[in-house]
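J.: Sequence and predicted structure below; questions after.
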Amino acid sequence: MEKNRCAWVTDDPLYVKYHDEEWGSLERFTDDHYLFEMLTLEGAQAGLSWITILKRRENYREAFDQFDPTIVANYGEDEKTLLLQNEGIIRNRRKIESTIKNADAFLRVQAEFGSFHAFLWKFIGGKQIVHHWREHADVPASSEMSINLSKELKKRGFTFVGPVICYSFMQAVGMINDHTTDCFLCTK
């Protein structure tokens, strides 16, 4: 029997797998490498479709040392040059430089709070926000929470972290559960 999914999900197997196993789930929320990966991929998506990024996800993992922020923060000009030549990722200089800069900021947040996920919890009061949107059109592009997260991240030196990117990030990592009420993953 076919499962009902959120309206944004196409029949592309990557989208289906991402939606069913990852989007809106807190399962990997305490994995800081995963959080750095998702923050990077959401920033890379700016101006593009999510499927464009999903199709390049494995290439991103390889190109950015499995999203180890300790390694990425130390990238120099040689690594930037190689990344700009890597056809498996989005070769946008600003986005690549942002990833490197964000890795350094990420490490500073980890040092201050013990982990990046501990820092994130304060933006949602320590528990997942579950919405019960009826239709995809009801889901906002940003919220007061994503605006506050964006401001705080920018203050801490992050880039490509506007309120819309932050809202998408919060959905992706499960801080916000925006599965619509007709989706089989909606928390009733």
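T.: Here it is on my side, so go on. Numbers count the residues shown, from 1 in each chain.

J.: For Y18, give its distance to W8.
T.: For Y18, the distance to W8 equals 11 Å [Cβ to Cβ, to the nearest Å]. Any C-beta I mention is one placed from the backbone N, CA and C, and that applies to glycine too.

J.: List the buried residues of stretch 49-66.
T.: Of all the residues in stretch 49-66, those buried under the rule 16 or more other Cβ atoms under 10 Å are 50, 53-54, 56-57, 60-61, 63-64.

J.: In contact with Q171, which residues?
T.: Contacts of Q171 were listed using Cβ atoms under 8 Å, 6 or more residues apart in numbering, and they are 23-24, 177-178.

J.: one more time with 7 Å, if that's ok
T.: By Cβ atoms under 7 Å, 6 or more residues apart in numbering, the contact list for Q171 reads 23-24, 178.

J.: and the spatially most central residue of the chain, what does it touch?
T.: With distances taken as Cα atoms, centre = their mean, the residue of the chain nearest its centroid is M38 (3.0 Å). Residues near M38 by Cβ under 7 Å, 6+ apart: 169, 172-173.

J.: same check, this time on L83
T.: 63, 89, 96.

J.: What of D12?
T.: Neighbours of D12 in contact, by Cβ under 7 Å, 6+ apart: I51.

J.: Got phi/psi on it?
T.: phi -60, psi 130 (degrees, to the nearest 10).

J.: Equivalent analysis for V130, please.
T.: According to degrees, to the nearest 10, V130 has phi -110, psi 120.

J.: Quick check: the gap between it and D68.
T.: 32 Å.

J.: what does E77 give?
T.: 20 Å.

J.: Please enumerate residues in contact with the longest helix anywhere in the chain?
T.: When the chain is parsed with DSSP state H, its longest helix is helix 93-113. Helix 93-113 has contacts (Cβ under 7 Å, 6+ apart) with 32, 36, 39-40, 43-44, 64, 69-70, 72-73, 75, 80, 83-84, 116, 119, 156-160.

J.: returning to that earlier point: buried ones among the contacts of Q171?
T.: 23-24, 178.

J.: In CSV, list those along with secondary structure and distance to S143.
T.: Conversion of the buried ones among the contacts of Q171 to CSV gives the following (DSSP: H, G, I helix; E, B strand; the rest coil; distance: Cβ to Cβ, whole Å):
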residue, secondary structure, distance to S143
W23, coil, 17
G24, coil, 15
D178, coil, 10
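
J.: just the CA coordinates of stretch 56-63, formatted as CSV?
T.: Provided in CSV are the C-alpha atoms of stretch 56-63 (Å, rounded to 0.1, in the frame of the first residue of the first chain):
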residue,chain,number,x,y,z
ARG,A,56,25.6,15.6,-4.7
ARG,A,57,25.5,14.7,-1.0
GLU,A,58,28.0,11.9,-1.2
ASN,A,59,30.3,14.1,-3.2
TYR,A,60,30.1,16.8,-0.5
ARG,A,61,30.9,14.3,2.2
GLU,A,62,34.0,13.2,0.3
ALA,A,63,35.0,16.7,-0.6
